[in-house]
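Visitor: The following comprises the amino acid sequence and a computationally predicted model.
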Amino acid sequence: MRILLATDAWEPQVCGVVRTLKTTLQELHRQGHQTTLIHPGHFSQFPVPFYPEIPFSYGIRQNYLHDIVQSVRPDAIHLMTEGPVGWAVRRYCLAHRLPFTTCFLTKFPDYLNQMIWVPKRWVWGLMRLFHRPAEQVMVATPTMQNYLRENQFAQSLAIWPKGVDIDLFQPQANKSTRDKKRLLYVGRVSVEKNIEAFLNLPNTYEKVVVGDGPSRGTFEKKFPEVKFLGYRHGEALAKEYGEADVMVFPSRTDTFGMVILESLACGTPVAAHPVPGPQDILAGHAHVGGIDESLEKAVEQALTDSHPHACRGLAQEYCWEQATHKFIQNLAIIPWKEPLAPSVPSNT
């Protein structure tokens, strides 16, 4: 199958969307599919003022997209994100009556409200408009299906599960000995991740942050006792999971939380709030961590009632091969019959 994907999130960004896309592309290639990726590197861009790590693409010409589609003649088109690249490809598909699918991976209504105080109802209106023409909207969990239905998404919502590289993320043979229990946070250092709830946990714990973001400088000054390590990748990241006694996931706005699976694969339990993502992964499974409205209580539960084998066993249930098979099943096949007409604008 020839699959055309469009995304606003791509390297050098470090986030769950990029990791999901990179791993899915690798698995698609392994299964014999051909992929073409339209990403911000193809266009002019400038950094988002309130979030410099994220590029904002512009100058995306419909004729350029037309040339790509004519050249590839994809069997399916999938839009990963609701940014400028996603909107441009959406516009092209509508102009040429090409079916496409989308996915809802980021709670932009919550993020933009927390970061720059944009009213949630405005952003929800844009999200519904973006996804409305899609043949299917893919989400990671049944909880996210319900979440979108509660926010007036009427179209078909399909599950696209996630996976974890259990060969890379493995339990560490010998943990370092230390006086304090080590708590780990992995992710963007930004207010929308609720990282301050982690940083405010008692100093009776050793706290380590892996990641970077616009709030790092502020938090390093405010919490000098916390170790900020910056980004870690591959085996270095796996080592940090393995050295931790608990991985703390403070976010209330993520749609899944791939770091939860990575931590569990390393045998390290997870402490989190009872929200989408942690609930979908951890609830109903014994000895894998703690879920509580109080993050401190969740940490205490994870420390006292968890076992590495249970954590690892749960992570092994999440397979990228099966996740990619489901992704393929969710795609909308394009019934090519004749060449496309020259590109024309669409006002939809």
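Guide: Thanks, I have it.
Visitor: From now on I want contacts and neighbour counts done on CA atoms only, so please keep to that.
Guide: Noted.
Visitor: residues in contact with the longest helix seen in the chain?
Guide: Ordering each helix of the chain by length in residues (DSSP state H) puts helix 16-30 first. With Cα atoms under 8 Å, 6 or more residues apart in numbering as the test, helix 16-30 has contacts from 9-11, 34-35, 105, 162, 257-258, 320-321, 324.
Visitor: what is the rounded mean pLDDT of it?
Guide: Average pLDDT, helix 16-30: 95.
Visitor: after it comes which helix or strand?
Guide: strand 34-38 (DSSP states H and E).
Visitor: Show me what whichever helix or strand comes after that following strand is packed up against.
Guide: Counting by DSSP H and E, the next helix or strand C-terminal to strand 34-38 is strand 44-48. Secondary-structure packing of strand 44-48 (3 or more Cα pairs under 8 Å, 6 or more residues apart in numbering; DSSP states H and E): strand 51-58.
Visitor: Just the C-alpha atoms of the strand it packs on, please, in PDB.
Guide: Only the C-alpha atoms of strand 51-58 are listed here, as PDB (Å, rounded to 0.1, in the frame of the first residue of the first chain):
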ATOM      1  CA  TYR A  51       6.600  27.800  22.200                       C
ATOM      2  CA  PRO A  52       9.800  28.300  20.200                       C
ATOM      3  CA  GLU A  53      10.400  24.500  19.900                       C
ATOM      4  CA  ILE A  54       7.400  24.200  17.600                       C
ATOM      5  CA  PRO A  55       7.700  25.500  14.000                       C
ATOM      6  CA  PHE A  56       4.800  27.200  12.300                       C
ATOM      7  CA  SER A  57       4.800  26.400   8.500                       C
ATOM      8  CA  TYR A  58       3.700  28.900   5.900                       C
END
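Visitor: Over that strand, what's the mean pLDDT, rounded is fine.
Guide: On average, strand 51-58 scores 85.
Visitor: relative to strand 34-38, how tilted is the longest helix of the chain?
Guide: Relative orientation of helix 16-30 and strand 34-38, computed by axes from the mean of the first three to the mean of the last three Cα atoms, to 10 degrees: 150 degrees.
Visitor: hey, where'd the strands end up in the stretch 201-348 of the chain?
Guide: With DSSP state E, counting those that start in this stretch as the criterion, the stretch 201-348 of the chain has strands at 206-210, 227-230, 246-249, 270-272, 289-291.
Visitor: correct me, but residue 110 touches residue 117?
Guide: No - Residue 110 is beyond contact range of residue 117, at 9.3 Å (criterion: Cα atoms under 8 Å).
Visitor: between those two, who's got more neighbours?
Guide: residue 110 (19 against 11; other Cα atoms under 10 Å).
Visitor: Just confirm that one is within a helix.
Guide: Yes - counting by DSSP: H, G, I helix; E, B strand; the rest coil, residue 110 is part of a helix.
Visitor: Rebuild the strands of the stretch 201-348 of the chain as a markdown table, extending it with mean neighbour count, distance to residue 137 and mean pLDDT.
Guide: Listed next are the strands of the stretch 201-348 of the chain as a markdown table, based on neighbours: other Cα atoms under 10 Å; distance: least, Cα to Cα, whole Å; pLDDT from 0 to 100:
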| stretch | mean neighbour count | distance to residue 137 | mean pLDDT |
| --- | --- | --- | --- |
| strand 206-210 | 22 | 31 | 98 |
| strand 227-230 | 16 | 34 | 97 |
| strand 246-249 | 30 | 26 | 98 |
| strand 270-272 | 30 | 27 | 98 |
| strand 289-291 | 28 | 28 | 97 |
